[in-house]
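> Model the following, please.
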Amino acid sequence: MHSDDKGLVLPPKVAPLSVVIVPILFDDSKARVLKEAQGLAARLRAKGLSIYVDDRDGYTPGWKFNEWEVKGVPLRLELGPKDLEKKQVMLARRDTGKKVGVLLADVEKEVKLQLETMQDDLYAKAAAFLQNSIVEVFSVSDALKHIENKKLIFAPWCGGKSCEEAFKEQTGAKSINSPLEQPKLKKGQGCFACKSDAKSWFYFGRSY
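Numbers count the residues shown, from 1 in each chain. Coordinates of the predicted model:
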């Protein structure tokens, strides 16, 4: 798990299955394509990646592409007879849908690069979305307004159980967590909900 600079926990970066290889099979080239696909899988497994070769009969390549996208596999490698002629494989990223040709000799390096880039892009996007969803508030009325807009509120809080229960009764939101590195409270800062002395900054939100 990863934490942002305000102490919020973000999801892990690694997917359980890194790459699926989909051979494009025709009767006259099936053996050659499958041999290359299995060899490619072995090379990538040697680099510590989790690989699946989807050589199932009875399913079209398009059906397989869609199934693996729905399952969330980050990268797809497509290999057919025309690719063998060009000594390449087609690489598709799930997040962008972008597809590029990669020389077979460069596959290990390019797959590693694309996985790292994809992870960084998705992490940055998730972190930005999270930060844009956080709003500082200093009153229940402001908190309610932002909670209705599905925001996460960050507020100075007294930490009292009765205070939280009253706030939850009024708004449907509850305390979530508090960052280890606390923003400094102003002298005499009151709790956003009950106005008694605030003890720390806390996140509040609804469960959806």
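> In this structure Asp54 contacts Lys64, no?
Yes - assessed by CB atoms under 8 Å, Asp54 is found in contact with Lys64 at 5.1 Å. From N, CA and C alone the C-beta is placed, and that goes for glycine too.
> so what sits against both of the two?
20, 22 (CB atoms under 8 Å, 6 or more residues apart in numbering).
> low-scoring pLDDT stretches of the protein, where are they?
1-15, 208 (pLDDT under 70).
> Map the structural domains onto the sequence of it.
Per automatic domain parsing, the structural domains of the chain span 10-128, 134-205.
> Pipe these into TSV and attach mean neighbour count per row.
Listed next are those as TSV, based on neighbours: other CB atoms under 10 Å:
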stretch	mean neighbour count
domain 10-128	15
domain 134-205	16
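> Quick one: the helices in this structure, in order.
Using DSSP state H, the helices found in the chain span residues 30-45, 61-71, 81-86, 107-132, 140-148, 161-171.
> Nearest to Gly97, out of those helices?
helix 61-71 (8.7 Å; CB to CB).
> what sits opposite Phe154 in the beta ladder?
Beta-bridge partners for Phe154, by DSSP bridges, are Glu136, Tyr203.
> and the gap between it and Asp197?
18 Å (CB to CB, to the nearest Å).
> Check Glu85 too.
75 Å.
> With Gln119 instead?
Counting by CB to CB, the gap from Gln119 to Asp197 is 43 Å.
> Hmm, Gly80 and Val22 touching each other?
No - applying CB under 8 Å as the test, Val22 and Gly80 come out as separate, 9.1 Å apart.
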